[in-house]
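Asker: Show me the folded form of this:
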Amino acid sequence: MSLLVATNISRSYSRLSLVGSAKPKLALEQVSIAVEAGETLALLGRSGCGKSTLVRLLAGLEKPDSGEVRFEGKPLARLSKPERAVFRRSVQMVFQDSFGAVDPRCTIGEIIAEPLRHLLGLNAKACAARTAELLWKVGLEPGETKKLPQQMSGGQLQRVCIARALAPQPRLVILDEAVSNVDLHQQVQLLDLFDRLARDTHVAWLFVTHDLRLVERFCSRIVVMDAGRICEETVVARPLQLASATGRALQEAILPALPHVLTPKPVPGSGDRL
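Answerer: As a prediction, the model looks like this:
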């Protein structure tokens, strides 16, 4: 059984114009996709193709106009309260804008501890211990807990958001353009981090992007979207060969080369399962 499955989901958004209501904008049309336990899946497409709408539906942040999303075979719309709590722990997201995804008034420790308190019910002592462990996991020092978000770099704060997503021990982490706002050096560091976390855990990763360099480095399967529909699905081979017009256009885009792979600094406890 697949971990998370969307079947024939569609989603439109109402629009307003100067003369009143306009025709709704169709963001997704009859899309079906499955995420398997433990896999690294890429959702690829140009900006505006519907990727972010799809992942919001998969994460239960929005409801489809038609079709359904199932978690472990159960429709999200019919989950009981305890089942929904399990789903919220199991599916976590890391957004593109790390500064917009956190409360600037909270310390780093409070940001990471939030899901530990609300989703796992840990007390203050257990939260502090788990927060320190998670910071080690993502390559940050436990002493960073006292800092505010504005005292962190973009790459550091994205690591904090990853630590927060991993806090409730999810089964799937959705990375929505999670490395596109940092420079190439930080992109490589974050990809090294994802590689290590994928080896050390059984977490599935859904990597939403338009950048094939990152897909080739990190993912095992790829889904290509265009204009609200899926136009191609294939395994990631080297060299990557895409058959759809959208996939070929993305392959032909001129992007700067990724820097050489860095040798990551050893992280205490990095071999421990989350």
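
Asker: contacts and neighbour counts: CA atoms only from here.
Answerer: Noted.

Asker: any idea which helix or strand comes after the helix or strand of the chain with the lowest mean pLDDT?
Answerer: Here the helix or strand of the chain ranked lowest by mean pLDDT, DSSP states H and E is helix 184-200, holding a mean of 76. Going down the chain from helix 184-200, the next helix or strand is strand 204-209, by DSSP states H and E.

Asker: Please give the centre-to-centre distance between that following strand and its chain.
Answerer: Chain-centre distance of strand 204-209: 5 Å, with CA atoms, centre = their mean, to the nearest Å.

Asker: contact partners of that strand?
Answerer: 35-45, 51-52, 171-178, 198, 215, 219 (CA atoms under 8 Å, 6 or more residues apart in numbering).

Asker: mind listing what's buried in the least confident helix or strand of the chain?
Answerer: Gln186, Gln187, Val188, Gln189, Leu190, Leu191, Asp192, Leu193, Phe194, Arg196, Leu197, Ala198 (16 or more other CA atoms under 10 Å).

Asker: does the first one really touch Gly155, like I thought?
Answerer: So that's Gln186. Yes. Using CA atoms under 8 Å, Gln186 makes contact with Gly155 at a distance of 6.0 Å.

Asker: hey, which strand is longest across the protein?
Answerer: strand 20-35 (DSSP state E).

Asker: Let me see the residues that make contact with that one.
Answerer: 2-16, 41, 49-50, 53-54, 67, 204, 206, 227-230.

Asker: Got a quick PyMOL command for the buried subset of the residues you listed?
Answerer: Selecting only the buried entries of the contacts of strand 20-35 in PyMOL, with 16+ other CA under 10 Å as the criterion:
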select buried, resi 3+4+5+6+9+10+11+12+41+49+50+53+54+67+204+206+227+228+229+230
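
Asker: where do the strands sit along the chain?
Answerer: Under DSSP E, the chain gives strands at 4-17, 20-35, 40-44, 66-71, 74-75, 91-94, 172-176, 204-209, 221-226, 229-235.

Asker: can I get these in TSV with distance to Glu110?
Answerer: Formatted as TSV, those follow (distance: least, CA to CA, whole Å):
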stretch	distance to Glu110
strand 4-17	30
strand 20-35	31
strand 40-44	29
strand 66-71	29
strand 74-75	33
strand 91-94	17
strand 172-176	20
strand 204-209	25
strand 221-226	35
strand 229-235	39
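
Asker: Can you tell me which of these is nearest to Asp103?
Answerer: strand 91-94 (14.5 Å; CA to CA).

Asker: Can you list the strands that that closest one pairs with?
Answerer: The strands beside strand 91-94 in its sheet (DSSP bridges) come out as strand 172-176 (parallel).

Asker: Now do Gly143 against Ala245, distance only.
Answerer: 49 Å (CA to CA, to the nearest Å).

Asker: Same check on Ala126?
Answerer: 51 Å.

Asker: just to revisit the earlier point, got the CA positions of the least confident helix or strand of the chain in PDB?
Answerer: Coordinates of each C-alpha in helix 184-200 appear next as PDB, following Å, rounded to 0.1, in the frame of the first residue of the first chain:
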ATOM      1  CA  LEU A 184      24.800  27.300  -4.500                       C
ATOM      2  CA  HIS A 185      27.300  26.600  -1.700                       C
ATOM      3  CA  GLN A 186      24.400  26.300   0.800                       C
ATOM      4  CA  GLN A 187      22.400  24.200  -1.700                       C
ATOM      5  CA  VAL A 188      25.200  21.700  -1.800                       C
ATOM      6  CA  GLN A 189      25.300  21.600   2.100                       C
ATOM      7  CA  LEU A 190      21.600  21.100   2.300                       C
ATOM      8  CA  LEU A 191      21.600  18.300  -0.300                       C
ATOM      9  CA  ASP A 192      24.400  16.600   1.600                       C
ATOM     10  CA  LEU A 193      22.200  16.900   4.700                       C
ATOM     11  CA  PHE A 194      19.200  15.400   2.800                       C
ATOM     12  CA  ASP A 195      21.400  12.500   1.600                       C
ATOM     13  CA  ARG A 196      22.600  11.700   5.100                       C
ATOM     14  CA  LEU A 197      19.100  12.000   6.600                       C
ATOM     15  CA  ALA A 198      17.700   9.700   3.800                       C
ATOM     16  CA  ARG A 199      20.300   7.100   4.700                       C
ATOM     17  CA  ASP A 200      19.900   7.300   8.400                       C
END
